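**Student:** quick one: sequence plus predicted model below, questions after.
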Amino acid sequence: MNGSYHFCAKVLTSSFTNDTIAREVKGLNRVLADWVLVLVTFVWGATFVVVQDAIKDIPVFAFLAIRFLSAGVILLFAALLLKRGRAALRTFSLWKNGLILGFWLYAGYAFQTLGLMHTTAAKSGLITGLCVALVPIFSIFLLRHKPPRGAFIGVGIATLGLFLLSGIRSGTVNIGDLLTLLCAIAFAIQIVLMAKHAREHDPLTLAAVQILFVGVLSEFSSLFMRESLHLIATSLTVPTVWIALLICSLLATVIAYFAQAAFQRYTTPTKTALIFSLEPVFAALVAVWYGGESLTLFSIFGGFLIVAGMLTAEFSGQERAHSRKKQGERPAKQSTL
């Protein structure tokens, strides 16, 4: 608000050069981009609580199927409106890589949502955040990429945070925490594979295909688990269920994707990493404020260490890529998902 006021005041009272106006507009774009990305990250963090409420009434895989099939169809329709999207959809490699990426994305969301049945939303959000710190480990095996030393320091810090957060030291670890750890591993693998394949395909089309595959795999799982059709139909009349589906399908997936695509280019990778690292923090805050959960001092400190480990791993990778770029080398591919 203050930034907009000062900008308008300068337009009315000063003789601006074109360069000055351009700098002001660019500055406003950066501020707007940062706040939009913060809002997107907040929505992602809030989904932990709303999903946990929803799966009290609707079977897990039915929820995931509806969430991702609806989001995937919308994104696919958007891709079909573009010439490059229609061309990309005719290539076999897109569907093959989309299936591979979709499988790991499906595994991550399946483990995460099943874990929410047994652990708190705050712990789920923080443990899921471990995926960022785990990326360097899987980069070694999947990309033959040697991470910088700082990445391993980040993994160590985050692992210590997990130890404090999960309750292992007091013997209170539960199946939900273990399932969420598997979720973080699956997401880390998906991020690494995304870095490998992202530049081979149109981003919107690749996102649409892999999200569609998440929905299809979730539907197969629902049928395999014999989730009750009557229970599913009844649950869709429950406000917490359809509100969660709207938030997760539209806000957290479709709108979040387009917001990222539109605004992330106006900010820096460092700021983006800092903003996205707030997701587990927002998850914990919403869980405490809205969900009525509580965190012990050890859990809070553990969560802090996980976020610190995420940032250490992320920034060490960015610093290495920046130094390579300065030396004229091609930087390692970074995931944008």
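**Tutor:** It's in.

**Student:** so how far is the helix or strand hosting Phe68 off the chain centroid?
**Tutor:** Assessed by DSSP states H and E, Phe68 sits inside helix 60-80. In terms of C-alpha atoms, centre = their mean, to the nearest Å, the centre of helix 60-80 is set 16 Å apart from its chain centre.

**Student:** ok, stretch 50-63 next?
**Tutor:** The mean C-alpha position of stretch 50-63 is separated from the chain mean by 19 Å, C-alpha atoms, centre = their mean.

**Student:** contacts for that stretch, please.
**Tutor:** For stretch 50-63, the surrounding residues in contact (C-beta atoms under 8 Å, 6 or more residues apart in numbering) are 110, 113-114, 116-117, 121, 124, 218-219, 221-222, 225, 227-228, 231-232, 235-236, 238, 240-241, 243-245, 247-248, 291. Quick note: C-beta positions are derived from backbone N, CA and C, even for glycine.

**Student:** buried sites along it?
**Tutor:** 50-55, 57-63 (16 or more other C-beta atoms under 10 Å).

**Student:** for stretch 246-255, same thing?
**Tutor:** Ile247, Cys248, Ser249, Leu251, Ala252, Thr253, Val254, Ile255.

**Student:** mean confidence for that stretch?
**Tutor:** The pLDDT scores in stretch 246-255 average 96.

**Student:** kindly report the same for stretch 139-150.
**Tutor:** Stretch 139-150 comes out at a mean pLDDT of 83.

**Student:** need the distance between the two termini of stretch 47-63.
**Tutor:** 13 Å (C-alpha to C-alpha, to the nearest Å).

**Student:** figure out how far it is from the centre of its chain.
**Tutor:** Centroid separation for stretch 47-63 versus its chain: 18 Å, with C-alpha atoms, centre = their mean.

**Student:** can I get stretch 65-72 in PDB? Just the C-alpha atoms.
**Tutor:** The C-alpha trace of stretch 65-72 is given here as PDB (Å, rounded to 0.1, in the frame of the first residue of the first chain):
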ATOM      1  CA  ALA A  65      -8.600 -39.100  -7.300                       C
ATOM      2  CA  ILE A  66     -11.200 -36.300  -7.300                       C
ATOM      3  CA  ARG A  67      -8.600 -33.700  -6.400                       C
ATOM      4  CA  PHE A  68      -6.000 -34.600  -9.100                       C
ATOM      5  CA  LEU A  69      -8.400 -35.700 -11.900                       C
ATOM      6  CA  SER A  70     -10.300 -32.400 -11.700                       C
ATOM      7  CA  ALA A  71      -7.100 -30.300 -11.500                       C
ATOM      8  CA  GLY A  72      -5.400 -32.400 -14.300                       C
END
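
**Student:** quick check: buried residues in the top helix by length along the chain?
**Tutor:** Longest helix of the chain, by residue count under DSSP state H: helix 18-54. Buried residues in helix 18-54, counted by 16+ other C-beta under 10 Å: 24, 33-34, 36-37, 39-54.

**Student:** for Ala88, give me the pLDDT.
**Tutor:** 90.

**Student:** got a list of what it touches?
**Tutor:** Contact analysis of Ala88 by C-beta under 8 Å, 6+ apart lists Ala79, Leu94, His201, Asp202, Thr205, Leu206.
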